[in-house]
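A.B. asks: sequence isn't available, so here's the structure alone:
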């Protein structure tokens with residue numbers, strides 16, 4: 001008796017493990033109970049369910065990138081997805097639309113080559129095509145080209161809008177700066193009076209000392225920090241310590257004179273100025289002085305405090321840092337180059353213990369500069385900042401070995417009492 005076709009056992013389809021990837025460019029709306037990522041996943045799961053007779057199953061692992069642009073591949077969930085592909089943990093990647101995976105044709109081509117290498121297929125729920133055929137790949141490239149074009153067009157419109165807003169003096173967002181808060185009613189800057197007074201003091205300190213490093217030391221002594229603020233998401237960002245670069249940004253920020261800068265041009269801002277008229281301009285003229293933002297003049301791998309500054313007055317030769325000792329014990333000293341090259345008899349100074357001459361110089365600077373280097377503050381500074389601070393205010397240190405006398409010549413911008421200190 002012949003069996004009917006219905007009685008013949010059909011082979012079970014091979015299981016196809018499907019990973020669902022979702023993405024949203026902004027964080028807006030992600031806090032909702034059912035957001036865009038959930039909607040994308042639901043559509044992908046429904047599609048996979050419709051293919052269950054072909055062996056398709058949705059993997060439980062979530063690959064969700066909320067608040068990440070599709071213009072690059074720097075996305076945590078995408079990185080995990082690619083690792084899973086390379087590890088052979090899945091057979092198919094499912095997305096709602098092609099541009100959810102990437103808006104860059106180059107990045108998508110790279111990912112597609114990784115998929116093909118590991119025999120992983122790719123499916124977009126709302127854009128049906130088969131990447132195993134030449135026509136499917138052509139269709140994919142066309143879709144990606146339009147996705148990239150759309151991204152670039154959005155970028156151009158955004159830049160044009162921001163440019164027009166800046167020319168009208170509007171603040172267009174970003175991290176708020178010390179002295180201003182963002183108005184909760186609309187993206188305007190409003191003066192924070194407590195911080196504004198601190199900004200005025202920092203500008204006054206720089207005008208007084210003419211040196212960013214001296215100003216930085218005083219800021220550190222007072223324990224002042226950079227701007228702290230709370231994001232729209234409620235995340236608090238604590239302000240960190242000031243550094244030379246952040247101090248320079250503050251001193252050159254045109255916002256403080258009530259203006260906005262755009263492409264090299266300044267425009268009157270909607271926000272109120274913090275500084276008195278003329279203050280910002282005077283500080284800009286001081287910043288151009290070579291001593292105001294000095295970082296150190298010579299290579300100084302040992303972080304010697306007086307490197308490049310100390311001279312032997314008897315020989316008119318520089319004194320360089322060196323050390324003696326073995327293993328972990330070092331005895332640092334400064335040696336006259338003339339004595340080093342021609343022998344000890346050629347120089348009455350010969351060498352000096354580093355600790356002794358450095359403490360002597362620091363004592364004279366504290367006295368000449370009206371105690372600006374408070375010992376407690378100086379000890380809290382790291383060695384790099386100590387070296388930079390000395391380099392910023394001292395032009396040359398002379399040592400007369402015969403008279404056992406130290407003389408200090410300060411940079412003109414750093415002088416507060418007299419041209420020279422001598423002991």
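C.D. replies: That came through, no problem. Please read these numbers as outputs of a predicted model, since none were measured by experiment.
A.B. asks: which parts of the protein are helices?
C.D. replies: In the chain, the helices defined using DSSP state H lie at 36-50, 76-86, 98-101, 105-117, 134-167, 193-209, 212-222, 244-251, 279-287, 337-342, 354-368, 375-380, 383-393.
A.B. asks: what mean pLDDT does the longest one have?
C.D. replies: The average pLDDT within helix 134-167 is 70.
A.B. asks: that older thread, which of the helices of the chain has the highest mean neighbour count?
C.D. replies: helix 98-101 (a mean of 24; mean count of other CB atoms under 10 Å). Glycine gets a C-beta too; all of them are placed from N, C-alpha and C.
A.B. asks: pLDDT score for residue 172?
C.D. replies: 66.
A.B. asks: pull the contacting residues for residue 110.
C.D. replies: Neighbouring residues of residue 110 by CB atoms under 8 Å, 6 or more residues apart in numbering: residue 73.
A.B. asks: roughly how far does it sit from residue 72?
C.D. replies: Distance of residue 110 to residue 72, given as CB to CB, to the nearest Å: 11 Å.
A.B. asks: likewise for residue 95?
C.D. replies: 17 Å.
A.B. asks: tell me which of these two has more neighbours.
C.D. replies: residue 95 (24 against 12; other CB atoms under 10 Å).
A.B. asks: hang on, that one packs against residue 102?
C.D. replies: No. Using CB atoms under 8 Å, residue 95 makes no contact with residue 102, being 9.6 Å away.
A.B. asks: my read is that residue 391 contacts residue 306, right?
C.D. replies: No. Applying CB under 8 Å, one finds residue 391 not in contact with residue 306, separated by 9.5 Å.
A.B. asks: want to try JSON lines for the helices of the chain, with distance to residue 402 as columns?
C.D. replies: Converted to JSON lines, these look like this (distance: least, CB to CB, whole Å):
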{"stretch": "helix 36-50", "distance to residue 402": "80"}
{"stretch": "helix 76-86", "distance to residue 402": "69"}
{"stretch": "helix 98-101", "distance to residue 402": "79"}
{"stretch": "helix 105-117", "distance to residue 402": "72"}
{"stretch": "helix 134-167", "distance to residue 402": "65"}
{"stretch": "helix 193-209", "distance to residue 402": "35"}
{"stretch": "helix 212-222", "distance to residue 402": "33"}
{"stretch": "helix 244-251", "distance to residue 402": "39"}
{"stretch": "helix 279-287", "distance to residue 402": "39"}
{"stretch": "helix 337-342", "distance to residue 402": "14"}
{"stretch": "helix 354-368", "distance to residue 402": "16"}
{"stretch": "helix 375-380", "distance to residue 402": "31"}
{"stretch": "helix 383-393", "distance to residue 402": "25"}
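A.B. asks: could you tell me the least trusted of the ones you listed?
C.D. replies: helix 134-167 - the lowest mean pLDDT of these, at a mean of 70.
A.B. asks: so where's the stretch 201-350 of the chain uncertain?
C.D. replies: 232-233, 288-301, 326-327 (pLDDT under 70).
A.B. asks: where do the strands sit along it?
C.D. replies: According to DSSP state E, counting those that start in this stretch, the stretch 201-350 of the chain carries its strands in the segments 229-230, 236-237, 259-262, 265-268, 310-312, 317-324, 331-336.
A.B. asks: of all those, which lies closest to residue 197?
C.D. replies: strand 229-230 (17.9 Å; CB to CB).
A.B. asks: for that closest one, give me every contacting residue.
C.D. replies: With CB under 8 Å, 6+ apart, strand 229-230 has contacts from 175-176, 181-182, 236-237.
A.B. asks: swap in 6 Å and give it another go.
C.D. replies: Applying CB atoms under 6 Å, 6 or more residues apart in numbering, the external contacts of strand 229-230 come out as 176, 236-237.
A.B. asks: again with stretch 376-384
C.D. replies: 221, 303.
A.B. asks: what's the span of that stretch, first residue to last?
C.D. replies: 17 Å (CA to CA, to the nearest Å).
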